[in-house]
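Engineer: Here's a sequence, model it:
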Amino acid sequence: MKRWIPTRAELRASRWLRPVAHHFDNERLWRTDRGSVARAVAIGLFFGFLIPVAQFLFAITTAITLRANVAIAAAATLVTNPLTFPPIYWAAYETGQFILGEPLDETAARRVGDQTTELLAGQGFLAGAWEMIESAGAPLVVGLATFAVVGAALGFALVWLLWRPHHEKPADDRPPIA
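Structural biologist: Numbers count the residues shown, from 1 in each chain. Next up, the predicted model:
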């Protein structure tokens, strides 16, 4: 997990983050306490699902604003990447169709999957992703928004519930038993 989390130096060196790089000296943005990590995971998942481009930038800027761990927020956006992008977007499309009450059209779902593969291979990731989103329309947008909100809430809740604080054991003043 640590290899996926960017270091302070890597974030500072990013030209995209230059406008907010001066905030990286704030130690509060690098803490790994329960609240900071839970907020960071929620922020990263929210933008990872919701925005197909520049998720990293939005997550870090929001993490600075909400005093969350910036590195973990950036790493959590990797929930969507070139490998997970097609299945997540297909599931979001299906979810959006269900929420909007549209009939499930098998050929449309297959067409979205086929278009995704062709577009990503032929046009490059960003251009293909944008064209696929435009062609999928409202069901995809509704599905992605649903995934973003539910993913952020679940991420926050899981970190909050599973976080186990480390308590120092009090020193035992009794002499050892021989």
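Engineer: Now do stretch 42-54, average pLDDT.
Structural biologist: With pLDDT averaged residue by residue, stretch 42-54 scores 92.
Engineer: could you point out the longest helix in the protein?
Structural biologist: Using DSSP state H to define each element, the chain has its longest helix at helix 138-162.
Engineer: roughly how far out does it sit from the chain middle?
Structural biologist: How far helix 138-162 lies from its chain's middle: 9 Å, per C-alpha atoms, centre = their mean, to the nearest Å.
Engineer: shift numbering so it begins at 21
Structural biologist: Yes, from this point I'll number from 21; that puts the last item at helix 158-182.
Engineer: Other residues contacting that helix?
Structural biologist: 54, 57-59, 61-70, 96, 99, 108-109, 111-117, 119-120, 122, 132, 153 (C-beta atoms under 8 Å, 6 or more residues apart in numbering). (Glycine included, C-beta is placed from N, CA and C.)
Engineer: List only buried entries from these.
Structural biologist: Under a neighbour-count criterion of 16 or more other C-beta atoms under 10 Å, the subset of the contacts of helix 158-182 counted as buried comprises 57-59, 61-70, 96, 99, 108-109, 112-117, 132, 153.
Engineer: Now intersect those residues with the helices, please.
Structural biologist: Counting by DSSP H, the part of those found in helices is 57-59, 61-70, 96, 108-109, 112-117, 132, 153.
Engineer: Could you list the domains of this protein?
Structural biologist: Residue ranges for the domains of the chain, per automatic domain parsing: 22-100+166-182, 105-164.
Engineer: Of the ones you listed, which stretch is the most buried?
Structural biologist: Highest mean neighbour count among the domains of the chain (mean count of other C-beta atoms under 10 Å): domain 22-100+166-182, with a mean of 18.
Engineer: and residue 101, helix, strand or coil?
Structural biologist: Classification of residue 101 by DSSP: H, G, I helix; E, B strand; the rest coil places it in coil.
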